[in-house]
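*Asks:* Build me a model:
(one chain, ligands or ions: 2)
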Amino acid sequence: MNTGSKLAQGESDVQYMERCLALAKLGKLSVGTNPMVGAVIVKNETILGEGFHWTPGEAHAEVQAWIQAGKPESLKGCTVYVSLEPCAHQGRTPSCAVLLSRLKPERVVVSVSDPDSRVSGKGIALLENSGIRVELGLCKNDSMTLNRHFMVQRKFGRPFITLKWAQSMDGFLGFKEKSKGSMAISGPEAKQWVHRLRAQHNNIAIGARTALQDAPALSVRLGAGNSPNPIVFWNQVAPSMATFPFQKHPKAQSMEHWNFDKVSAPKLLKQLHLLDGNSLLVEGGARLHKQFIQSGLWDEMYVLQSLVVKGGDVKAPELPQDAVLVTKKMLGSTDLRLHYRKKDPAWFI
Ligand code: AOF
Ligand code: ZN
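*Replies:* Ligands and ions are numbered 1, 2, ... in the order given. Down below sits the predicted model:
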């Protein structure tokens, strides 16, 4: 297998893999806990078929590309480009590596290996053992970053953790005093973006105080996609369901309550290992964010910095030292979205 630096055999290989990544992204809101994958079948510089993984239980990207190519009995002389190692196992659908080993393309160009324990190198071995040339590593960083939720979950057994909060210009999240209610910080564009962020996560967590004071619905209403599973972190006494504003949340019945009182990082991590899904979005408040930050349990952070002074007395969390700013973008005219990642992201480890 070729895994060295001489991977790209000319511009076209990169372009076909970039096409795979663009196709993969079409599954963004529907793949659930599966990875986003795109595949392209090429012969003599002509694309014969392309496909992407749409949703669990439906055909994988390679199979979609093969169907679009007209299900040829052989792929002699073809190159198959795929953004994730072809699966070696029979899951909800048959193995892609087994299919490709029968179709015998000349070359299979794979962006990244699949960390799922049912695959993890076995797909590539299967292809190589049937005499197919495999090249691994093209556009690797982009592929890993695209599937960072999946990568972290399959590698470490815990969900990818995104922290998100909105703070006023003067650095506050809200008021301590419950009677003062919630502090409206973000404008409509920022709110809409938050719903898009929710749709990209399988779980969403807040503290009990945020639940009672801000009464967030935690669902995806301003845009497409599924609402994540709500989790409420409480301390001392578990609040009754009736007090929660999101009883009408589509997944309210499966809502989890976690006792966060005196929680330690190992305990929190243990609990996160039991969580279904690849990702967790933490939407506050300050105490919950601080716990995750202090435990080092975060992968990505979004701070919606309002350009309006609001007052308040609950201070925004301090950024950890290993937070690196990756993008900065204005949402509407009042909110600056600051996007941070860990200096050494877990999905590259
Ligand atoms: C591929 N191509 O397009 C995808 C792959 O049981 P399933 O069918 O839902 O399979 C899920 C697993 O298959 C998933 O955890 C990952 O390891 C792999 N996904 N593999 O060859 C694809 N989506
Ligand atoms: Zn597959």
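
*Asks:* Could you report the neighbour count for the residue in the stretch 101-250 of the chain that ligand 1 sits nearest to?
*Replies:* Of all residues in the stretch 101-250 of the chain, Asp116 sits closest to ligand 1, at 3.2 Å by Cβ to the nearest ligand atom. All C-beta atoms are positioned from the backbone trio N, CA, C, and that covers glycine. Using other Cβ atoms under 10 Å, Asp116 is surrounded by 22 other residues.

*Asks:* What confidence value was assigned to it?
*Replies:* pLDDT recorded at Asp116 is 95.

*Asks:* please renumber so the chain begins at 199
*Replies:* Let's use 199 as the start, then, which means that last one is Asp314.

*Asks:* What ranges does the stretch 399-547 of the chain have for its helices?
*Replies:* Remark: helices assigned in the stretch 399-547 of the chain by DSSP state H, counting those that start in this stretch are 406-412, 463-471, 484-492.

*Asks:* So for the shortest one, mean pLDDT?
*Replies:* Read that as helix 406-412. The average pLDDT within helix 406-412 is 77.

*Asks:* so how many other residues sit close to whichever residue of the chain sits closest to ligand 1?
*Replies:* In the chain, the residue that lies nearest ligand 1 is Gly289 (2.4 Å; Cβ to the nearest ligand atom). Gly289 has 14 neighbours, counted by other Cβ under 10 Å.

*Asks:* next one: the one 3 residues further on
*Replies:* Neighbours of Pro292 under the rule other Cβ under 10 Å: 14.

*Asks:* Look at it and tell me its secondary structure.
*Replies:* Secondary structure, DSSP: H, G, I helix; E, B strand; the rest coil: Pro292 is coil.

*Asks:* Quick one: residues contacting it.
*Replies:* Contacts for Pro292 were tallied using Cβ atoms under 8 Å, 6 or more residues apart in numbering; they are Val261.

*Asks:* and the gap between it and ligand 2?
*Replies:* Distance, Pro292 to ligand 2, by Cβ to the ion, to the nearest Å: 8 Å.

*Asks:* from the chain's centre, how far out does stretch 511-520 sit?
*Replies:* A distance of 24 Å separates the centroid of the chain from that of stretch 511-520, by Cα atoms, centre = their mean, to the nearest Å.

*Asks:* what comes into contact with that stretch?
*Replies:* Under the criterion Cβ under 8 Å, 6+ apart, residues 363, 365, 369-375, 483-484, 487-488, 491, 494, 496, 499, 501, 538, 540-542 lie in contact with stretch 511-520.

*Asks:* Could you list which of these also contact ligand 1?
*Replies:* Subset of the contacts of stretch 511-520 in contact with ligand 1: empty, counting by Cβ under 6 Å from any ligand atom.

*Asks:* Turn the helices of the stretch 399-547 of the chain into TSV, including mean neighbour count and distance to Ala263.
*Replies:* Formatted as TSV, the helices of the stretch 399-547 of the chain follow (neighbours: other Cβ atoms under 10 Å; distance: least, Cβ to Cβ, whole Å):
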stretch	mean neighbour count	distance to Ala263
helix 406-412	20	45
helix 463-471	14	35
helix 484-492	18	40
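
*Asks:* In contact with the closest residue to the residue of the chain closest to ligand 1 other than its chain neighbours, which residues?
*Replies:* Using Cβ to Cβ, 6 or more residues apart in numbering and skipping the chain neighbours, the partner closest in space to Gly289 is Arg316 (7.0 Å). Residues near Arg316 by Cβ under 8 Å, 6+ apart: Cys285, Ala286, His287, Gly289.

*Asks:* What backbone torsions are found at Arg316?
*Replies:* Per-residue torsions, Arg316: phi -80, psi -10 (degrees, to the nearest 10).

*Asks:* From Gly335, how far off is it?
*Replies:* Here Arg316 is placed at a distance of 21 Å from Gly335 (Cβ to Cβ, to the nearest Å).

*Asks:* likewise Glu271?
*Replies:* Counting by Cβ to Cβ - Glu271 and Gly335 are separated by 30 Å.

*Asks:* Could you check which of the two has the larger neighbour count?
*Replies:* When neighbours are counted by other Cβ under 10 Å, Glu271 and Gly335 differ, and Gly335 comes out ahead with 19 against 8.
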